[in-house]
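Peer 1: 3D, please:
(one chain, ligands or ions: 1)
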Amino acid sequence: MLPFRKMHGLGNDFVVLDARAHPLPITPARAAAIADRHFGIGCDQFIVLEPPPAGADVFMRIRNPDGSEAGACGNATRCIASLVADERGADRVVVRTIAGDLPVERLPGGLWRADMGPARLRWDDVPLAHKADTLHVPLALGPVSDPAACSMGNPHATFFVPDLDAIDVATLGPALEHDPIFPDRANIGFAQVLSPDHIRLVMWERGAGMTLACGSGACATIVNAARRGLTGRRATITMPGGDLLLEWREADGHVLMTGPVATAFTGTLDLDAYAP
Ligand SMILES: N[C@H](CCC[C@H](N)C(=O)O)C(=O)O
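Peer 2: Residues are numbered from 1 along each chain as shown. Got it, this is the predicted structure:
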């Protein structure tokens, strides 16, 4: 039997397996089976810790419940950083993902601040299927249109709306996620700007669906809002699961994300009981 840890960041939840000592036979199908909320443990993302490469303290492999691999997961970045930092009695660790190195530091009050790296703003960074202005992507569906797009190591599109409560995220989200303008699909954010430093956000996540919070989505939202002149470079982003503090740092274009972490429970699982 294999130990696992069930963690979350504002209710965006993860099953975490530790493959640092021994490789684990994880296939996309097995990740999807474990992530299933009825036939498995259930989670928004399935996280596997791998041995730390030079210059980092841990490698974090991120998979969605559909088995697809993701290049960023902000809430999991904080969770995994806290796990490794607590193992070592450290206050700062570097989490590596397929998209880069993410330094994370412990703050007072159980908060953690992750440097999620630079926002990538070119059309072929997101990526989009063809050259376009990422500040005004030519896409519309029902009541939403004209998103801004960027990458945080994973693709994001942000639709700004006057009234978030009037938006049917569950219907619009999947159609926009799979729009052909996003060759790798996209995470879709629906954002209502409340003030120059406060945004409400609901996310439809690529390969996962609606989640209670999304760290990389919050990062993309502050960047896209600031680029549009809708907010400053710092804001509280309120999602159904709670608040994150975001800053799109002027000096280097990096996005700093501050928020809580939690372990809901630990347990054991038999990998062989899940898809081959
Ligand atoms: N929940 C994650 C985002 C997962 C992104 C994943 N859905 C993708 O395919 O990029 C976060 O806190 O950033």
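Peer 1: Let me know the helix or strand that T268 is in.
Peer 2: Using DSSP states H and E, T268 sits in strand 262-269.
Peer 1: meant to ask about D179
Peer 2: Here D179, judged by DSSP H and E, is contained in no helix and no strand.
Peer 1: who touches it in this structure?
Peer 2: Neighbouring residues of D179 by CB atoms under 8 Å, 6 or more residues apart in numbering: 139, 141, 186. Any C-beta I mention is one placed from the backbone N, CA and C, and that applies to glycine too.
Peer 1: Skipping adjacent residues, who's closest to D146 in space?
Peer 2: Nearest residue to D146 in three dimensions, chain neighbours excluded: H136, at 5.6 Å (CB to CB, 6 or more residues apart in numbering).
Peer 1: ugh, wrong one, I meant R227
Peer 2: Nearest residue to R227, sequence neighbours excluded (CB to CB, 6+ apart): L135, at 5.6 Å.
Peer 1: do L176 as well
Peer 2: Using CB to CB, 6+ apart and skipping residues adjacent in sequence, the residue nearest L176 is I188, 4.7 Å away.
Peer 1: in what helix or strand does the one you found lie?
Peer 2: Residue-wise, I188 maps onto strand 187-195 under DSSP H and E.
Peer 1: what's the angle from the very next helix or strand once past that strand to strand 187-195?
Peer 2: Counting by DSSP H and E, the element after strand 187-195 in chain order, helix or strand, is strand 198-205. Using axes from the mean of the first three to the mean of the last three CA atoms, to 10 degrees, the direction of strand 198-205 lies 170 degrees away from that of strand 187-195.
Peer 1: Quick check: neighbours of whichever helix or strand comes after strand 198-205 in the sheet, parallel or antiparallel?
Peer 2: Using DSSP H and E, the helix or strand that follows strand 198-205 in sequence is strand 209-211. Strand pairing for strand 209-211, using DSSP bridges, gives strand 198-205 (antiparallel).
Peer 1: what's the strand it pairs with in contact with?
Peer 2: 44, 64, 164, 167, 169-170, 172-174, 176-177, 187-194, 210-211, 213-214, 217-218, 221-222, 225, 231, 235-240.
Peer 1: near the ligand at all, it?
Peer 2: Yes. Contact of strand 198-205 with the ligand (CB under 6 Å from any ligand atom) involves E205.
Peer 1: buried sites along that strand?
Peer 2: For strand 198-205, the buried set under the neighbour-count rule, 16 or more other CB atoms under 10 Å, comprises 199-205.
Peer 1: Give me the residue at the spatial middle of this protein.
Peer 2: The residue lying closest to the centre of the chain (CA atoms, centre = their mean) is C73, at 3.3 Å.
Peer 1: Test for you: state the pLDDT assigned to it.
Peer 2: Looking at C73, its pLDDT stands at 97.
Peer 1: switch to numbering from 40
Peer 2: I'll keep to 40 as the first residue from here, and by that count the last item is C112.
Peer 1: Quick check: it touching A257?
Peer 2: No. Between C112 and A257 there is no contact under CB atoms under 8 Å: 11.9 Å.
Peer 1: what's the closest non-adjacent residue to P91?
Peer 2: Here the residue nearest P91, using CB to CB, 6+ apart, is V97, at 5.1 Å.
Peer 1: what do you get for C82?
Peer 2: V54 is the one closest to C82 (CB to CB, 6+ apart), at 4.4 Å.
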